[in-house]
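Engineer: Fold the following and give me the result.
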Amino acid sequence: MTDHPTPRSARAQLAELVRVDAKPLLDGLPTAASPRPAAVLMLFGVLDAVPSEARATPVSRDLDVLLLSRAATLRSHPGQVAFPGGRVDAGDRDIVATALREAREETGLDPSGVDVLGKLPEVPLAFSRHLVTPVVGWWRDPSPVRVVDEHESAAVFRAPVADLLDPANRGVTVIHRDGREWRGPAFTAGEHLVWGFTAMLLDALFDRLGWADPWDGTREIPLPA
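Structural biologist: Modelled structure (predicted):
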(Lines give C-alpha, C1' and ligand atoms only; values in the text may rest on other atoms or scores of the structure.)
Protein backbone atom coordinates (compact mmCIF):
# COMPACT_ATOMS: atom_id res chain seq x y z
CA MET A 1 0.00 0.00 0.00
CA THR A 2 1.37 3.44 -0.82
CA ASP A 3 1.31 6.26 1.70
CA HIS A 4 -2.03 8.07 1.50
CA PRO A 5 -3.03 10.75 2.17
CA THR A 6 -0.01 13.03 2.06
CA PRO A 7 0.25 15.67 4.80
CA ARG A 8 -1.16 18.25 2.37
CA SER A 9 -4.19 16.14 1.51
CA ALA A 10 -4.64 15.16 5.17
CA ARG A 11 -4.85 18.85 6.03
CA ALA A 12 -7.43 19.35 3.30
CA GLN A 13 -9.49 16.41 4.56
CA LEU A 14 -9.46 17.73 8.12
CA ALA A 15 -10.45 21.20 6.92
CA GLU A 16 -13.29 19.77 4.85
CA LEU A 17 -14.53 17.73 7.78
CA VAL A 18 -14.89 20.72 10.09
CA ARG A 19 -16.40 22.79 7.26
CA VAL A 20 -19.25 20.45 6.37
CA ASP A 21 -19.78 18.08 9.30
CA ALA A 22 -22.41 19.24 11.78
CA LYS A 23 -22.68 15.84 13.46
CA PRO A 24 -20.86 15.37 16.79
CA LEU A 25 -17.99 12.89 16.74
CA LEU A 26 -19.64 11.00 19.59
CA ASP A 27 -23.39 10.44 19.77
CA GLY A 28 -25.54 9.30 22.64
CA LEU A 29 -23.27 10.31 25.52
CA PRO A 30 -25.00 11.43 28.73
CA THR A 31 -24.95 15.12 29.58
CA ALA A 32 -24.53 16.40 33.13
CA ALA A 33 -26.70 19.15 34.52
CA SER A 34 -25.20 22.63 33.99
CA PRO A 35 -22.03 21.42 32.22
CA ARG A 36 -19.03 23.74 32.08
CA PRO A 37 -17.73 24.69 28.61
CA ALA A 38 -14.28 23.38 27.70
CA ALA A 39 -12.16 22.82 24.60
CA VAL A 40 -9.46 20.45 23.38
CA LEU A 41 -6.98 21.08 20.57
CA MET A 42 -6.71 18.20 18.10
CA LEU A 43 -3.46 19.34 16.51
CA PHE A 44 -2.10 17.53 13.47
CA GLY A 45 0.94 18.15 11.27
CA VAL A 46 4.47 17.07 10.48
CA LEU A 47 5.77 17.59 13.99
CA ASP A 48 9.36 16.36 13.63
CA ALA A 49 11.76 14.64 11.24
CA VAL A 50 11.13 11.13 12.60
CA PRO A 51 8.46 9.27 10.58
CA SER A 52 6.40 6.34 11.75
CA GLU A 53 8.02 2.92 11.40
CA ALA A 54 4.79 1.52 9.96
CA ARG A 55 5.10 0.24 6.40
CA ALA A 56 1.61 -0.42 5.06
CA THR A 57 -0.40 2.56 6.26
CA PRO A 58 -3.50 4.48 5.11
CA VAL A 59 -1.86 7.83 5.92
CA SER A 60 1.50 9.43 5.35
CA ARG A 61 4.17 8.13 7.73
CA ASP A 62 5.15 11.67 8.79
CA LEU A 63 1.65 12.74 9.91
CA ASP A 64 1.49 13.25 13.69
CA VAL A 65 -0.93 14.36 16.39
CA LEU A 66 0.08 16.17 19.59
CA LEU A 67 -0.83 14.48 22.88
CA LEU A 68 0.09 14.74 26.54
CA SER A 69 0.00 12.46 29.56
CA ARG A 70 -1.73 13.95 32.57
CA ALA A 71 0.07 13.90 35.92
CA ALA A 72 -0.72 10.89 38.08
CA THR A 73 -1.48 13.19 41.03
CA LEU A 74 -4.42 14.98 39.40
CA ARG A 75 -7.88 14.33 40.83
CA SER A 76 -9.52 14.24 37.38
CA HIS A 77 -8.38 11.56 34.89
CA PRO A 78 -4.94 11.04 36.53
CA GLY A 79 -2.29 9.55 34.28
CA GLN A 80 -4.48 9.48 31.19
CA VAL A 81 -3.31 10.56 27.76
CA ALA A 82 -5.23 13.60 26.53
CA PHE A 83 -5.35 16.35 23.99
CA PRO A 84 -4.18 19.74 25.22
CA GLY A 85 -7.21 21.56 26.51
CA GLY A 86 -9.27 22.65 29.45
CA ARG A 87 -12.04 24.80 30.81
CA VAL A 88 -13.06 28.18 29.41
CA ASP A 89 -11.64 31.15 31.32
CA ALA A 90 -13.47 34.45 31.67
CA GLY A 91 -10.79 36.24 29.62
CA ASP A 92 -11.00 33.88 26.63
CA ARG A 93 -12.31 35.56 23.49
CA ASP A 94 -14.02 32.38 22.29
CA ILE A 95 -13.76 28.60 22.46
CA VAL A 96 -10.90 28.54 19.94
CA ALA A 97 -8.94 30.93 22.15
CA THR A 98 -9.52 28.54 25.06
CA ALA A 99 -8.03 25.62 23.14
CA LEU A 100 -4.96 27.61 22.04
CA ARG A 101 -4.38 29.13 25.49
CA GLU A 102 -4.59 25.76 27.21
CA ALA A 103 -2.25 24.19 24.64
CA ARG A 104 0.30 26.97 25.18
CA GLU A 105 0.05 26.65 28.97
CA GLU A 106 0.32 22.85 28.93
CA THR A 107 2.86 22.24 26.15
CA GLY A 108 4.61 25.57 25.53
CA LEU A 109 3.65 25.62 21.84
CA ASP A 110 3.56 28.95 20.00
CA PRO A 111 -0.06 29.44 18.84
CA SER A 112 1.06 31.73 16.02
CA GLY A 113 2.31 28.63 14.18
CA VAL A 114 -1.09 26.90 14.36
CA ASP A 115 -3.67 27.17 11.58
CA VAL A 116 -7.07 26.64 13.15
CA LEU A 117 -9.07 24.62 10.62
CA GLY A 118 -12.31 24.87 12.56
CA LYS A 119 -14.25 23.31 15.37
CA LEU A 120 -16.48 20.27 15.64
CA PRO A 121 -19.78 20.09 17.53
CA GLU A 122 -19.66 19.94 21.31
CA VAL A 123 -19.31 16.57 23.02
CA PRO A 124 -20.60 16.02 26.58
CA LEU A 125 -18.27 14.59 29.22
CA ALA A 126 -20.68 13.90 32.05
CA PHE A 127 -18.13 12.39 34.45
CA SER A 128 -16.38 15.75 34.88
CA ARG A 129 -19.46 17.86 34.02
CA HIS A 130 -17.96 19.43 30.89
CA LEU A 131 -19.24 20.18 27.41
CA VAL A 132 -16.14 19.84 25.23
CA THR A 133 -15.59 21.50 21.85
CA PRO A 134 -12.94 19.77 19.72
CA VAL A 135 -10.90 22.41 17.89
CA VAL A 136 -9.03 20.99 14.90
CA GLY A 137 -5.69 22.58 14.04
CA TRP A 138 -2.79 22.14 11.66
CA TRP A 139 0.72 22.86 12.92
CA ARG A 140 2.00 24.96 10.03
CA ASP A 141 5.13 26.10 11.89
CA PRO A 142 5.90 23.68 14.76
CA SER A 143 7.57 25.10 17.85
CA PRO A 144 9.29 23.21 20.67
CA VAL A 145 6.95 21.55 23.17
CA ARG A 146 7.60 20.24 26.65
CA VAL A 147 6.01 19.64 30.02
CA VAL A 148 5.39 23.15 31.32
CA ASP A 149 3.95 22.24 34.73
CA GLU A 150 4.86 18.86 36.24
CA HIS A 151 1.85 19.13 38.54
CA GLU A 152 -0.39 19.06 35.44
CA SER A 153 1.42 16.86 32.90
CA ALA A 154 3.87 13.96 32.98
CA ALA A 155 4.78 13.98 29.27
CA VAL A 156 4.13 15.86 26.04
CA PHE A 157 4.68 13.84 22.88
CA ARG A 158 3.95 13.42 19.18
CA ALA A 159 2.08 10.30 18.15
CA PRO A 160 2.47 9.20 14.52
CA VAL A 161 -1.04 8.74 13.17
CA ALA A 162 0.10 5.72 11.13
CA ASP A 163 1.15 4.01 14.36
CA LEU A 164 -2.19 4.73 16.00
CA LEU A 165 -4.00 3.29 12.97
CA ASP A 166 -1.89 0.13 12.91
CA PRO A 167 -4.31 -2.68 13.83
CA ALA A 168 -1.54 -4.20 15.97
CA ASN A 169 -1.72 -1.09 18.17
CA ARG A 170 -5.49 -1.07 18.56
CA GLY A 171 -7.85 -2.77 20.97
CA VAL A 172 -10.37 -2.04 23.70
CA THR A 173 -10.20 -1.31 27.40
CA VAL A 174 -12.77 -2.78 29.75
CA ILE A 175 -13.97 -1.19 32.99
CA HIS A 176 -16.30 -2.90 35.46
CA ARG A 177 -18.10 -0.49 37.76
CA ASP A 178 -21.34 -0.73 39.74
CA GLY A 179 -22.18 -4.06 38.15
CA ARG A 180 -21.83 -2.69 34.61
CA GLU A 181 -19.19 -3.19 31.93
CA TRP A 182 -17.79 -0.29 29.91
CA ARG A 183 -15.78 -1.02 26.76
CA GLY A 184 -14.01 1.63 24.74
CA PRO A 185 -11.42 1.93 21.97
CA ALA A 186 -7.75 2.14 22.85
CA PHE A 187 -4.46 2.78 21.07
CA THR A 188 -0.92 1.95 22.16
CA ALA A 189 1.53 4.74 21.35
CA GLY A 190 5.01 3.66 22.38
CA GLU A 191 5.02 3.55 26.16
CA HIS A 192 1.65 5.29 26.35
CA LEU A 193 -1.87 3.89 26.28
CA VAL A 194 -4.50 6.17 24.77
CA TRP A 195 -7.93 5.29 26.11
CA GLY A 196 -11.09 6.88 27.48
CA PHE A 197 -12.45 10.12 26.04
CA THR A 198 -9.34 10.89 23.98
CA ALA A 199 -9.34 7.46 22.33
CA MET A 200 -13.05 7.77 21.62
CA LEU A 201 -12.50 11.10 19.85
CA LEU A 202 -9.58 9.74 17.81
CA ASP A 203 -11.46 6.57 16.90
CA ALA A 204 -14.51 8.53 15.74
CA LEU A 205 -12.38 11.06 13.83
CA PHE A 206 -10.42 8.37 12.01
CA ASP A 207 -13.65 6.59 11.06
CA ARG A 208 -15.25 9.84 9.87
CA LEU A 209 -12.22 10.60 7.69
CA GLY A 210 -12.06 7.06 6.28
CA TRP A 211 -8.52 6.56 7.57
CA ALA A 212 -9.13 3.54 9.80
CA ASP A 213 -8.07 0.02 8.84
CA PRO A 214 -10.07 -2.96 10.15
CA TRP A 215 -8.95 -3.91 13.66
CA ASP A 216 -9.84 -6.50 16.28
CA GLY A 217 -12.54 -5.07 18.53
CA THR A 218 -12.35 -8.12 20.81
CA ARG A 219 -8.68 -7.61 21.73
CA GLU A 220 -8.58 -6.34 25.31
CA ILE A 221 -5.73 -4.08 26.44
CA PRO A 222 -5.17 -3.92 30.21
CA LEU A 223 -5.44 -0.52 31.81
CA PRO A 224 -2.37 0.88 33.59
CA ALA A 225 -2.22 0.04 37.27
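Engineer: For this protein, give me the ranges with low pLDDT.
Structural biologist: 1-7, 55-56, 72-78 (pLDDT under 70).
Engineer: ok, now how distant is A199 from F187?
Structural biologist: Distance, A199 to F187, by C-beta to C-beta, to the nearest Å: 6 Å. Quick note: C-beta positions are derived from backbone N, CA and C, even for glycine.
Engineer: ugh, typo on my part, it should be L109
Structural biologist: In terms of C-beta to C-beta, L109 sits 22 Å off from F187.
Engineer: just V147 next, same as before
Structural biologist: On the measure of C-beta to C-beta, V147 and F187 end up 21 Å apart.
Engineer: Show me which of these two is the more surrounded one.
Structural biologist: For V147 and F187, the more surrounded residue by other C-beta atoms under 10 Å is F187, and the numbers stand at 25 against 18.
Engineer: who touches that one in this structure?
Structural biologist: Going by C-beta atoms under 8 Å, 6 or more residues apart in numbering, F187 touches A159, L164, N169, R170, L193, V194, W195, A199, L202.
Engineer: if I read this right, L164 contacts V194, doesn't it?
Structural biologist: Yes: between L164 and V194 there is a contact at 7.3 Å, judged by C-beta atoms under 8 Å.
Engineer: For those two, list the residues in contact with both.
Structural biologist: With C-beta under 8 Å, 6+ apart, L164 and V194 have common neighbours F187, L202.
Engineer: What ranges does this protein have for its helices?
Structural biologist: Using DSSP state H, the helices of the chain run over residues 7-20, 95-107, 161-165, 196-209.
Engineer: Just put those helices in TSV and tack on distance to E53 and mean neighbour count.
Structural biologist: Shown next, in TSV, are the helices of the chain (distance: least, C-beta to C-beta, whole Å; neighbours: other C-beta atoms under 10 Å):
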stretch	distance to E53	mean neighbour count
helix 7-20	17	15
helix 95-107	24	22
helix 161-165	7	23
helix 196-209	19	20
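Engineer: Of those, which is nearest W182?
Structural biologist: Distance to W182, taken as C-beta to C-beta, is lowest for helix 196-209 among those, at 9.8 Å.
Engineer: Can you tell me which helices and strands that closest one packs against?
Structural biologist: On a contact count with 3 or more C-beta pairs under 8 Å, 6 or more residues apart in numbering; DSSP states H and E, helix 196-209 meets helix 7-20, strand 36-45, strand 81-82, helix 161-165, strand 180-189.
Engineer: D141: which of the ones you listed is closest?
Structural biologist: The closest of these to D141 is strand 36-45. By C-beta to C-beta, the value is 9.1 Å.
Engineer: Which residues belonging to the closest one are considered buried?
Structural biologist: A38, A39, V40, L41, M42, L43, F44, G45 (16 or more other C-beta atoms under 10 Å).
Engineer: can you put those residues in TSV and add distance to W182?
Structural biologist: As requested, the buried residues of strand 36-45 are exported to TSV (distance: C-beta to C-beta, whole Å):
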residue	distance to W182
A38	22
A39	25
V40	21
L41	26
M42	23
L43	28
F44	28
G45	32
